[in-house]
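>>> Let me see the structure of the following:
(chains A and B)
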Amino acid sequence: MEILDYGFMQRALLASLMVGLVAPAVGVFLVQRRLSLLGDGLGHVALTGVAIGVLTSTAPVGTALVAAVLGAVLIELVRARGRTSGDVALAVLFYGGIAGGVVLLSLAPRGQATNLDAYLFGAITTTSAADVAVFAAITVVVLGVVWLLGQRLYAVSDDEEYARAVGLPVLALNVVLAVLVASTVVLSMRVVGLLLISALMIVPSAIAQLLARSFRQTVYLACGIGLVTSVAGTSASYYAGTPSGGTIVLLAIALFLVVTAAVAVREATARRRHQWQAEVHAAHPHEHGEGCGHPAVAHGDHVDYHHDGHLHAPHRTGAGVHYDEHGEHLASAPVAGKAGRP
Amino acid sequence: MSGTPAGDALRLRDASIGYGDVAIVQGVDLTVAHGEAVAVLGSNGSGKTTLARGLLGLAAVLGGEVQVLGAPVGRLRERGRIGYVPQRHTVSGAVPATVREVVGVGRLARHGLLGRLRPADRAAVADAVTAVGLADRIGDPVASLSGGQQRRVLVARALAAEPELLVMDEPTAGVDAASQEALAAVLADVSTAGTTLVVVTHEIGPLSGVLSRAVVVDHGRIRYDGPLAGAQPTAGGHCHPDQPAGPAAGYRFDQPRVTIDVAAARNGGH
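Model (predicted):
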């Protein structure tokens, strides 16, 4: 493939692969905690770190990591002290972060060309080999911590009060999660940009939530979706000449809309089928019951009635009783004379 | 549950409990022996929930002493010995989770910071889910369950911890009669096995067969402490301190150290 002939694209694809995997693995917990925008806020804070790196001629990735982690810990400490003031404190910290970044970057001496856009919207093709190494380390650490502490992070995200009552270290786990978010922000900075990072954490989780039945499934599915959209978006941006961050996020959002629509259609179809059956059976001339003449068939927690080759399940609603089709279950033994579902 | 330990499960001495520096419960003395089954009764705003949250370390002890399972509540190390059913009608997480996953959280506190759930934990989770009558739903997302069933999931989460002390906040509120009966049966088993029960409620209902002692809280103070029968105004099983009917609004004063202001009990309430 032509795209793999260039070193910069190899590095770009590696970076996007790591980001696609890691961002949703952390984002699921933020969605569960209803703190979806924490990543966005820490992205703002990271910008100050970037500016300090540029001013002091150190690697911006390192200084951004330090700034974002400090910001994350500060946020959790503020949140632990009380929610009302916490909300305002978050806003102050976040906007202070982006304002500080912009002002500090403007102070950078001439000749040290700094492209603000590259940090705000991503510049994946500028990823250096050293960046890839740092990203790989961050990826391993973040995924390792999620694997080790995932169940407890879930517990705290799901019901903080219960976790506190039974003695889980709530503050410590919250700080760990915030630091994971901060690390992910810095990892994603080059690929999608600080302003779009949150999208890569949240949108794959939002898609997975529509499809999964369990939390574990949601995590795996979100990581899979993140990985695919991230690599596909980066490739597409190469061919279309568009910025990688925006392309990845638009792709993820398009997938979200498609899945949302598909799920809605599936639910509507199921509802219509149910309604249609109810209408068919509204004209049902008799009510099934004990000794009604139709063989009763045990089916899970209720009893169906065998009627002209199919099974009728009484469905009692406020409006009375109608009969749902429960398909062929003739393998189960008929229970003669057993009463229907109460 | 490893037998009945010596000492008291709960020991409150002149305890004041509240939030920030506002004491909602004031000057409470209460001793509950291991294995007792206690109802904490009172109307909305009486302070009964704050009292229970004080036992869990969720509300601050602002004065006096609160000992839980032999240690001051703030310094209790093995909190995994406590089971808690919060005053919440549904499991509310934004991300899907199965019954098994939610109930599994009840086992986590036993394994420190890094320990993972083992086969024995999975067995305990299955037992707890079976106990609340949801065995056939264990792999289903909790969001697909009815409100009453979700409430039972939260009960199962507390049971899965195999707690020595089980604190429940309004476990019967908003739950249909069948689920209430099922809950009463579960609590009867747990109580027989030696677990100390503290059930905060304003409606005893079918739990009257399980709970033997009542503590009535009103305006942040204990107004009655004695046999459950003595705290029930009518045969209906409801306890409303502000209910005008019934002798002395229902409370008998057969505990020598308890005093009650009948007028305040009638008029206060909310």
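>>> make it CA atoms for all contacts and neighbour counts henceforth
Will do.
>>> Going along the chain, name the strands of the chain.
I went with chain A, as the question did not name one. Taking DSSP state E as the criterion, chain A carries its strands at A:296-299, A:302-307, A:310-317, A:320-325.
>>> The intended chain is chain B.
Under DSSP E, chain B gives strands at B:8-19, B:22-33, B:37-41, B:60-68, B:71-72, B:82-85, B:165-169, B:196-201, B:213-218, B:221-227.
>>> Low-confidence ranges, chain A, go.
Scanning chain A for pLDDT under 70 picks out the ranges A:1, A:82-86, A:110-114, A:278-291, A:293, A:297-303, A:307-311, A:313-342.
>>> Swap in 50 and give it another go.
A:328-342 (pLDDT under 50).
>>> contacting residues for the residue of it found nearest chain B?
Nearest residue of chain A to chain B, counting by CA to the nearest CA: A:Ser214, 4.1 Å away. Contacts for A:Ser214 (CA atoms under 8 Å, 6 or more residues apart in numbering or on different chains) come out as B:Pro96, B:Ala97, B:Thr98, B:Glu101, B:Asp140, B:Pro141.
>>> what's the distance between the first one and chain A?
Going from B:Pro96 to chain A by CA to the nearest CA, to the nearest Å gives 5 Å.
>>> got a list of what that residue touches?
Neighbouring residues of B:Pro96 by CA under 8 Å, 6+ apart: A:Gln209, A:Ala212, A:Arg213, A:Ser214, A:Phe215, A:Thr218, B:Pro141, B:Val142, B:Ala143.
>>> Could you tell me which of those are located in helices?
Of those, the ones assigned to helices by DSSP state H are A:Gln209, A:Phe215, A:Thr218.
>>> ranking these by neighbours, who comes first?
Neighbour counts for the ones in helices among the contacts of B:Pro96 peak at A:Thr218, which has 26 neighbours (criterion: other CA atoms under 10 Å in any protein chain shown).
>>> so that residue sits right up against A:Ser205, yeah?
Yes. A:Thr218 is within contact range of A:Ser205, at 6.9 Å (criterion: CA atoms under 8 Å).
>>> Can you pull the phi/psi pair for A:Tyr6?
Dihedral angles of A:Tyr6 (phi, psi; degrees, to the nearest 10) stand at phi -100, psi 130.
>>> do you know how far the residue nearest the centre of chain B is from chain A?
Closest to where the C-alpha atoms of chain B average out (CA atoms, centre = their mean) is B:Met168, at 2.4 Å. Per CA to the nearest CA, B:Met168 is found 11 Å from chain A.
>>> Check the contact between that residue and B:Leu183; I expect there is one.
No. Between B:Met168 and B:Leu183 there is no contact under CA under 8 Å: 11.4 Å.
>>> Measure how buried the nearest residue to B:Gly20 once chain neighbours are set aside is and give me the count.
Nearest residue to B:Gly20, sequence neighbours excluded (CA to CA, 6 or more residues apart in numbering or on different chains): B:Ala60, at 7.5 Å. Neighbourhood size, B:Ala60 [other CA under 10 Å]: 22.
>>> which ones are touching the spatially most central residue of chain A?
With distances taken as CA atoms, centre = their mean, A:Ser205 lies nearest the centre of chain A, 1.7 Å away. A:Ser205 makes contact with A:Pro24, A:Gly27, A:Val28, A:Val31, A:Thr218, A:Val219, A:Leu221, A:Ala222, according to CA under 8 Å, 6+ apart.
>>> The same query, at a cut-off of 6 Å, please.
By CA atoms under 6 Å, 6 or more residues apart in numbering or on different chains, the contact list for A:Ser205 reads A:Val28, A:Ala222.
>>> Ok, A:Val28 next?
Contacts here follow CA under 6 Å, 6+ apart; on that basis A:Val28 touches A:Ser205.
>>> Let's see that with 10 Å instead.
By CA atoms under 10 Å, 6 or more residues apart in numbering or on different chains, the residues touching A:Val28 are A:34, A:36, A:154, A:157, A:201-206, A:208-209, A:215, A:218-220, A:222-223, B:94-95.
>>> so for stretch B:198-214, what's the average pLDDT?
For stretch B:198-214, the mean pLDDT works out to 87.
>>> What residues sit buried inside it?
B:198-208, B:210-211, B:213-214 (16 or more other CA atoms under 10 Å in any protein chain shown).
>>> gap between the two ends of it?
10 Å (CA to CA, to the nearest Å).
>>> Briefly note if it comes near chain A.
No. Between stretch B:198-214 and chain A, judged by CA under 10 Å from any CA of the partner chain, nothing touches; the nearest distance is 14.4 Å.
>>> Surely B:Ala109 touches B:Arg81?
Yes. Using CA atoms under 10 Å, B:Ala109 is in contact with B:Arg81, at 8.7 Å.
>>> more crowded one of these two?
Between B:Ala109 and B:Arg81, counted using other CA under 10 Å, B:Ala109 has the larger neighbour count: 24 against 19.
>>> confidence score at that one?
Looking at B:Ala109, its pLDDT reads 83.
>>> Apart from its neighbours in sequence, what residue is nearest B:Ala158?
Once flanking residues are discounted, B:Ala158 sits nearest to B:Gly83: 4.6 Å by CA to CA, 6+ apart.
>>> Look up which residues are beta-bridged to that neighbour.
Judged by DSSP bridges, the bridge partners of B:Gly83 are B:Leu166.
>>> Identify the residues contacting it.
Going by CA under 10 Å, 6+ apart, B:Gly83 touches A:162, A:165-166, B:56, B:106, B:155-168, B:195, B:197.
>>> Could you pull out the helices in chain A for me?
A:7-32, A:38-55, A:60-81, A:83-106, A:116-121, A:129-158, A:160-165, A:170-192, A:197-211, A:215-240, A:244-282.
>>> Which one, of those helices, ends up nearest to B:Tyr224?
helix A:160-165 (26.9 Å; CA to CA).
>>> does any bit of that closest one sit next to chain B?
Yes. Contact of helix A:160-165 with chain B (CA under 10 Å from any CA) involves A:Glu161, A:Tyr162, A:Ala163, A:Arg164, A:Ala165.
>>> Count the residues that sit near residue 231.
Just so you know, I chose chain A. Neighbours around A:Val231, by other CA under 10 Å: 22.
>>> Can you look at chain B instead?
Around B:Ala231 there are 27 residues (other CA under 10 Å).
>>> For it, give me the pLDDT.
pLDDT recorded at B:Ala231 is 74.
>>> same check, this time on the one 4 residues further on
We note a pLDDT of 37 for B:Ala235 in this prediction.
>>> List the buried residues for stretch A:235-250?
A:Ser235, A:Ala236, A:Ser237, A:Tyr238, A:Pro243, A:Ser244, A:Gly245, A:Gly246, A:Thr247, A:Ile248, A:Val249.
>>> which of the residues you listed lies closest to B:Ala39?
Nearest member of the buried residues of stretch A:235-250 to B:Ala39, counting by CA to CA, is A:Val249, at 54.0 Å.
>>> and A:Val69, what does it touch?
A:42, A:45-46, A:63, A:75, A:175-176, A:178-183, A:185-186.
>>> can you rerun that using 7 Å?
Contacts for A:Val69 (CA atoms under 7 Å, 6 or more residues apart in numbering or on different chains) come out as A:Val179, A:Ala182.
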